[in-house]
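1. build the 3D model from these lines:
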Amino acid sequence: MPEATASSPMPGQPLNGSDVLFSEKLWPSVWIWLIVAGLSGAGILVFAPISALAGIIAALVLAGIMTVLLLLSTPAIVVRRDSLQVGRASIPRALLGQAEAFRKDEATAERGTRLNGLAFLCIRGWIDPVVRIPVNDPEDRTPYWLTSTRRPDELLKALAAPTA
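-> Modelled structure (predicted):
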């Protein structure tokens with residue numbers, strides 16, 4: 001089993017408003033919710049031959065399950081004065097290099113052809129911009145973190161702020 005390093009996933013700490021420089025939840029986009037509604041509606045079609053009530057119940061159960069799964073799997077990005085937390089992973093900011101933001105074709109390349117297999121990823125297909133955050137820890141094989149964000153400029157500004 002690999003040894004835990006500074007950038008390995010750890011349970012997050014509760015938010016302390018005084019030292020939080022940036023906070024964002026990567027909520028699903030509207031079109032994801034439309035897909036949930038469509039798949040839930042498919043439950044009606046599957047169970048309608050049994051009864052209309054069974055179809056409606058199946059649709060509601062499917063919608064409930066998918067909603068809960070989407071909400072529970074929504075990661076947060078939190079930059080504090082001394083640490084960065086992306087999802088369940090956390091790392092001291094002192095171990096981070098200068099972050100870069102990518103949009104459109106550049107973001108696609110970062111998620112695809114230029115992606116390092118050892119990088120830590122927290123990307124969502126429904127969010128285009130990504131930010132690459134280098135890890136400068138000689139004991140950590142992770143070269144960088146790559147995360148989706150709807151507010152890349154604000155994230156870069158928070159990461160560039162002085163550490164505690």
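2. identify all contacting residues around the longest helix along the chain.
-> Ordering each helix of the chain by length in residues (DSSP state H) puts helix 52-72 first. For helix 52-72, contacts defined as Cβ atoms under 8 Å, 6 or more residues apart in numbering pick out 28, 32, 36-37, 39-48. No exception for glycine: its C-beta is placed from N, CA and C like everyone else's.
3. what is the burial count for Trp139?
-> One correction, residue 139 is Glu, not Trp. Residues contacting Glu139 under the criterion other Cβ atoms under 10 Å number 8.
4. buried only: go through the contacts of helix 52-72 for me.
-> Neighbour-count burial (16 or more other Cβ atoms under 10 Å) applied to the contacts of helix 52-72 gives Pro28, Val36, Ser40, Gly43, Ile44, Phe47.
5. between those residues, which is nearest Thr113?
-> Nearest to Thr113 out of the buried ones among the contacts of helix 52-72 is Pro28 (Cβ to Cβ; 26.1 Å).
6. one step back: whatever helix or strand comes next after the longest helix of the chain - contacts with which helices or strands?
-> Using DSSP states H and E, the helix or strand that follows helix 52-72 in sequence is strand 76-80. When contacts are defined as 3 or more Cβ pairs under 8 Å, 6 or more residues apart in numbering; DSSP states H and E, strand 76-80 sits against strand 20-25, strand 83-86, helix 152-160.
7. next one: the second one to chain centre, how far?
-> In terms of Cα atoms, centre = their mean, to the nearest Å, the centre of strand 83-86 is set 12 Å apart from its chain centre.
8. in it, what's buried?
-> Residues of strand 83-86 classed as buried: Ser83, Leu84, Gln85, Val86 (neighbour count, 16+ other Cβ under 10 Å).
9. pLDDT on the following helix or strand past it, on average?
-> Later in the chain than strand 83-86, the nearest helix or strand by DSSP H and E is strand 89-92. Mean per-residue pLDDT for strand 89-92: 94.
10. repeat for stretch 113-130
-> Here the average pLDDT along stretch 113-130 is 94.
11. could I have it exported to PDB, CA atoms only?
-> The C-alpha trace of stretch 113-130 is given here as PDB (Å, rounded to 0.1, in the frame of the first residue of the first chain):
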ATOM      1  CA  THR A 113      -3.100  14.800 -24.500                       C
ATOM      2  CA  ARG A 114      -1.000  16.800 -22.000                       C
ATOM      3  CA  LEU A 115      -2.300  15.000 -18.900                       C
ATOM      4  CA  ASN A 116       0.400  13.400 -16.700                       C
ATOM      5  CA  GLY A 117      -0.800  10.000 -15.500                       C
ATOM      6  CA  LEU A 118       0.500  10.700 -11.900                       C
ATOM      7  CA  ALA A 119      -1.500  14.000 -11.600                       C
ATOM      8  CA  PHE A 120      -4.300  14.400  -9.000                       C
ATOM      9  CA  LEU A 121      -7.600  15.000 -10.800                       C
ATOM     10  CA  CYS A 122     -10.800  16.600  -9.800                       C
ATOM     11  CA  ILE A 123     -12.400  17.400 -13.100                       C
ATOM     12  CA  ARG A 124     -16.000  17.600 -14.100                       C
ATOM     13  CA  GLY A 125     -17.000  17.300 -17.800                       C
ATOM     14  CA  TRP A 126     -19.700  20.000 -17.500                       C
ATOM     15  CA  ILE A 127     -17.100  22.600 -16.300                       C
ATOM     16  CA  ASP A 128     -14.800  23.800 -19.100                       C
ATOM     17  CA  PRO A 129     -12.000  25.800 -17.300                       C
ATOM     18  CA  VAL A 130      -9.300  23.900 -15.400                       C
END
